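Participant: take this sequence and fold it.
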Amino acid sequence: MADEPGAKPGPKAGHFLPGGAGDVTPADPAAKDEQPKYASSVPLTAPTPRLGAGAEAPSGPPVLSGSRLGPPPPGDRAAAAFQARYQPVPVPFEPRKKSKALIAGIVVGALVVVAGGIFGATRVLRSYDEFVANPLGTPSVQQDQPIGVPTDEPTSKPKSDHQVTKENRLYAGGKLAPVACREPKYRPTSKDNVRSYYQALLVCHNKTWEPVVRAAGFDFRPPQLIIFDDGEETACGVQKEVSSYCPSGDGSVAMPWEDLLDKYTKNPALARVDMADALGYVYSVHVQNLTGILDAGGGLRDEAVTPALRLEQERRLALQATCLSSVFLGAAKASFPVTGNLLEEWTWRSKNSGDDIAKGTVRDHGSSASVRLWMTKGFSTANPAACNTFVAAAAEVR
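Facilitator: Predicted coordinates for the structure are as follows:
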């Protein structure tokens, strides 16, 4: 476009370039050297705000305006305001001097706490050790002797098997008090009836023997009752028609029942005598077990030097049980009378119950003469002392 008439011509191409018509060069050549020179390798600095010309610094944050390139000159108020607002000088940390007395107090307090913890832990551990050693709270006994060394001698010496069998306190109780015990009314016509008979008679034996056993200084435990079929295996083993006693646990009396039905049909009185006598015998073995005689007698049997002496010891045990069974009948004869036909059958049984009747029988229960002797002693005296077969002569325990 052509310039209007009278108008000032506009700048031409290259007007503002160095050496052009628009290039302003200072008159003083030295001033030319004061102009800033920018190398391409030097980055541009961020614009620095500054106060407007002639403006007074406000009481609050300064009002910033304008910008420039390059670092601010020294003492520039705008730069100082910017730095005070956005780049404050951090307050230097000066550690406070701690009082020596305070430090000493802290150390002493820490030592007291540690010492108290150690003392408390010691008491707790000691209490725990005492509890483990004495869980029921019994004070522990401090011993200077090595562990395992007894401090005192036993207060009493154990009794020998001879003393237990010959000097047992069972013999010191005297005659049994009369027993109010009637013969059970159940007749052996069924297994249930046999069981009911023995259960009722077992109660009588418990009432009779418990005070006697306790008076002798022994614990009393009633035996369990087992009614077995022939060939049945029970706690006493496989049963075969014969009543037996098992000492395991509280003790058990095992009684047969099948043969009694046939016996009662043929001879009712003898069947009733045999039932009372059979339970009386195995219950007497229970009394021997409670008083230690059964175990001690077994010990003497095991120490016997010949088979004949071993059988003799077994006969002493068996004949004593026979005698004690008759002691019960003697104490109960007022309410459990063995009279009339029952007495005849009882006498016959006492003469025909020996292990010498059948040939080939093991001689471990006593001959007919010995059985009759000890049955008579027990029934006539009602006193366990009359049944001390362990002091009897060998001729009385054949």
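
Participant: what about Asp259, neighbour count?
Facilitator: Residues lying near Asp259 (other CB atoms under 10 Å) number 14. Just so you know, the C-beta spots here come from the backbone N, C-alpha and C atoms, and that holds for glycine as well.

Participant: who touches Leu342 in this structure?
Facilitator: By CB atoms under 8 Å, 6 or more residues apart in numbering, the contact set of Leu342 is Ala269, Arg272, Val273.

Participant: mind listing what's buried in the helix or strand hosting the first one?
Facilitator: The one in question is Ala269. Element membership for Ala269 (DSSP states H and E) is helix 268-290. Residues of helix 268-290 classed as buried by neighbour count (16 or more other CB atoms under 10 Å): 269-290.

Participant: show me where this protein has helices.
Facilitator: Along the chain, counting by DSSP state H, helices occupy 29-32, 77-86, 100-133, 161-166, 191-215, 258-266, 268-290, 293-303, 307-331, 340-351, 368-381.

Participant: got CSV for those, with distance to Thr234 and mean pLDDT too?
Facilitator: Conversion of the helices of the chain to CSV gives the following (distance: least, CB to CB, whole Å; pLDDT from 0 to 100):
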stretch, distance to Thr234, mean pLDDT
helix 29-32, 136, 46
helix 77-86, 105, 64
helix 100-133, 44, 46
helix 161-166, 28, 97
helix 191-215, 14, 97
helix 258-266, 14, 95
helix 268-290, 13, 97
helix 293-303, 19, 97
helix 307-331, 20, 97
helix 340-351, 26, 91
helix 368-381, 26, 96
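
Participant: so which of those comes closest to Gly251?
Facilitator: For these, the distance to Gly251 is smallest for helix 268-290, at 4.9 Å, taking CB to CB.

Participant: okay, that closest one in PDB with CA atoms only?
Facilitator: Extracted in PDB, the C-alpha atoms of helix 268-290 (Å, rounded to 0.1, in the frame of the first residue of the first chain):
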ATOM      1  CA  PRO A 268     -35.200-126.600  96.800                       C
ATOM      2  CA  ALA A 269     -33.700-126.400 100.300                       C
ATOM      3  CA  LEU A 270     -30.200-127.300  99.000                       C
ATOM      4  CA  ALA A 271     -30.400-124.800  96.200                       C
ATOM      5  CA  ARG A 272     -31.300-122.100  98.700                       C
ATOM      6  CA  VAL A 273     -28.400-123.100 101.000                       C
ATOM      7  CA  ASP A 274     -26.000-123.200  98.000                       C
ATOM      8  CA  MET A 275     -27.000-119.700  96.800                       C
ATOM      9  CA  ALA A 276     -26.500-118.100 100.300                       C
ATOM     10  CA  ASP A 277     -23.200-120.000 100.800                       C
ATOM     11  CA  ALA A 278     -21.800-119.200  97.300                       C
ATOM     12  CA  LEU A 279     -22.400-115.400  97.600                       C
ATOM     13  CA  GLY A 280     -21.100-115.500 101.200                       C
ATOM     14  CA  TYR A 281     -17.900-117.200 100.000                       C
ATOM     15  CA  VAL A 282     -17.000-114.700  97.200                       C
ATOM     16  CA  TYR A 283     -18.000-111.800  99.400                       C
ATOM     17  CA  SER A 284     -15.600-113.000 102.100                       C
ATOM     18  CA  VAL A 285     -12.800-112.900  99.400                       C
ATOM     19  CA  HIS A 286     -13.800-109.300  98.900                       C
ATOM     20  CA  VAL A 287     -13.300-108.600 102.600                       C
ATOM     21  CA  GLN A 288      -9.900-110.300 102.300                       C
ATOM     22  CA  ASN A 289      -9.100-108.000  99.400                       C
ATOM     23  CA  LEU A 290     -10.200-104.800 101.300                       C
END
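
Participant: I'd like to know which elements that helix is packed against.
Facilitator: For helix 268-290, the packing partners by 3 or more CB pairs under 8 Å, 6 or more residues apart in numbering; DSSP states H and E come out as helix 191-215, strand 244-246, strand 252-256, helix 258-266, helix 293-303, helix 307-331, helix 340-351.

Participant: swap the cut-off to 7 Å and go again
Facilitator: Using 3 or more CB pairs under 7 Å, 6 or more residues apart in numbering; DSSP states H and E, the elements in contact with helix 268-290 are helix 191-215, strand 244-246, strand 252-256, helix 258-266, helix 307-331, helix 340-351.

Participant: got those as JSON lines, with distance to Gly360 columns?
Facilitator: Output for these, formatted as JSON lines (distance: least, CB to CB, whole Å):
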{"stretch": "helix 191-215", "distance to Gly360": "30"}
{"stretch": "strand 244-246", "distance to Gly360": "20"}
{"stretch": "strand 252-256", "distance to Gly360": "22"}
{"stretch": "helix 258-266", "distance to Gly360": "21"}
{"stretch": "helix 307-331", "distance to Gly360": "14"}
{"stretch": "helix 340-351", "distance to Gly360": "21"}
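
Participant: nearest to Ala358, out of these?
Facilitator: helix 340-351 (14.6 Å).

Participant: angle of that closest one against helix 368-381?
Facilitator: On the basis of axes from the mean of the first three to the mean of the last three CA atoms, to 10 degrees, helix 340-351 is oriented at 130 degrees to helix 368-381.

Participant: hmm, back to that, so which of the helices of the chain comes closest to Cys387?
Facilitator: Among the helices of the chain, the nearest to Cys387 by CB to CB is helix 307-331 (3.6 Å).

Participant: report the buried residues of the closest one.
Facilitator: 310-331.

Participant: tell me what that helix is packed against?
Facilitator: Judged by 3+ CB pairs under 7 Å, 6+ apart, helix 307-331 is in contact with helix 191-215, helix 268-290, helix 293-303, helix 368-381.
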